[in-house]
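K.L.:
Predicted model follows, preceded by the sequence.
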Amino acid sequence: MVVEQLITSFIASAAFGIIFNTKKASLIKCGIVGMAGWFVYFTMTSNGIDPVPASLAGSFVVALISQFFARRYKAPIIIFNVAGIIPLVPGGLAYDAMRNFVESNYTIGLGLAAKAGLISGAIALGLVFSEVINQLIRKAKLPPKVYSKSRL
Amino acid sequence: MKTDMMEVCLLAGKIMLQSGAETYRVEDTMMRIASSFGAKESHSYVTPTGIMFSIECEQPTKTKLIRITDRTTDLHKITLVNSVSRQISNKELTLEEAYQSLKNIESSTPSYPIIIQVLAAAIASGCFLIMFKGTWDDFFPAFVAGGTGLITFIYAQRIVPIKFFSEFVASLIIAILSWIFVYTGWGYELDKIIIGSVMPLVPGLVLTNAVRDLMAGHLVSGLSKGAEALLTAFAIGSGVAVVLTFI
């Protein structure tokens, strides 16, 4: 089952790379980013962890790997993280919420909508966390240069 | 006539914004280009719908405004402009060369034809169905519905250039097709087929950009992109909801 999930998430993320017109060489990297994020999300949710922290972890991993690729290949980060984030977007929950609204089950619908909102917030938070780490690494790299200059 | 530094900066900014780059990246790129061509100071204010840019150099301060009406997603163009800006920073390009290569980037066509994009959307829809714990029996319905959804979106956009209307029509078609598949016995789980096929329309790029812009302190751009993502989600949702009410 896990292998099936890995393959489909890789293909889906790479296909999104094509829809967003990423160049051919980046498609495999898009696939890897998406696969890693989905793997984290899938293993966490199938071990009984709530989707909200699982989405947080998933988007954190996506953003972290994207940052690594962006630095390594000197390309804008959005090329890699956009395709990776999409599998985590709570499309299914939003759909269920809407379906309940349409069927006049407003209480159930509101609960599901709130959950979809929380997951979106978790995805955003995951992106922010990795951004913070990125800034910290950049700051940590700066001092030695200042040091060497002041020694001169 | 000598190429103006202003034109180079604005062209770079315009291409990036139209291709779906984050606002802070557009501002950053324009200011980098200006400073590597020797501008003393430059200020930029970018929103998703327009660019204001002013340069201070020996001549009196120049300020220009350009309006951005249509935005698409073309990550390849963003990469290209990014590398041109890197080359400019390393003093590898003159003003004329930079302008020429930016012009070439602007007129370049997308690297994938529509048919390939539609195929990609179709395959992605099928894969998403499996990822959302659907069965392989439903792969084909999701494949067809997802592909048709993107074709509908692209052509509806050509006829009526209102993005939200196109998204509404596309998700309407997806929901109708999925229902037909289930009704005729080709598909089994209507919910999963619809969710999988709708995924190519999901505003993933706008959402990530909104978050990154908000974090970079571009509150106006971040909020307006967030509103765009919300409206898109609403358009997709109402397209599906219309069909669900009749079932």
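P.N.:
Okay, I see it.
K.L.:
which residues in chain B form helices?
P.N.:
B:5-18, B:23-36, B:75-89, B:95-107, B:114-131, B:139-159, B:163-183, B:190-198, B:204-215, B:219-246 (DSSP state H).
K.L.:
so can I have JSON lines of the ones you listed showing mean pLDDT?
P.N.:
As requested, these are exported to JSON lines (pLDDT from 0 to 100):
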{"stretch": "helix B:5-18", "mean pLDDT": "90"}
{"stretch": "helix B:23-36", "mean pLDDT": "89"}
{"stretch": "helix B:75-89", "mean pLDDT": "90"}
{"stretch": "helix B:95-107", "mean pLDDT": "88"}
{"stretch": "helix B:114-131", "mean pLDDT": "92"}
{"stretch": "helix B:139-159", "mean pLDDT": "92"}
{"stretch": "helix B:163-183", "mean pLDDT": "92"}
{"stretch": "helix B:190-198", "mean pLDDT": "90"}
{"stretch": "helix B:204-215", "mean pLDDT": "81"}
{"stretch": "helix B:219-246", "mean pLDDT": "88"}
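K.L.:
where in chain A is pLDDT low?
P.N.:
A:142-152 (pLDDT under 70).
K.L.:
centroid residue for it?
P.N.:
Centroid-nearest residue in chain A, with Cα atoms, centre = their mean: A:Ser59, separated by 2.9 Å.
K.L.:
residue boundaries of the helices in chain A?
P.N.:
Using DSSP H, helices in chain A cover A:2-19, A:24-46, A:51-73, A:78-85, A:91-102, A:106-151.
K.L.:
Surely B:Leu17 and B:Phe53 touch.
P.N.:
No - using Cβ atoms under 8 Å, B:Leu17 is not in contact with B:Phe53; the gap is 11.6 Å. Yep, even glycine has a C-beta here, placed from its N, CA and C like the rest.
K.L.:
ok so, going back, okay, the helices of chain B, which one's buried deepest?
P.N.:
helix B:190-198 (a mean of 27; mean count of other Cβ atoms under 10 Å in any protein chain shown).
K.L.:
check contacts around B:Cys57.
P.N.:
Shown in contact with B:Cys57 (Cβ atoms under 8 Å, 6 or more residues apart in numbering or on different chains): B:Met5, B:Gly38, B:Ala39, B:Lys40.
K.L.:
for A:Thr22, same thing?
P.N.:
Listed by Cβ under 8 Å, 6+ apart, the contact partners of A:Thr22 are A:Cys30, A:Ile79, A:Ala83, B:Leu75, B:His76.
K.L.:
Now for those: which two are most distant?
P.N.:
Greatest spacing in the contacts of A:Thr22, by Cβ to Cβ: A:Ala83 and B:His76 (13.3 Å).
K.L.:
Alright, I will stop here.
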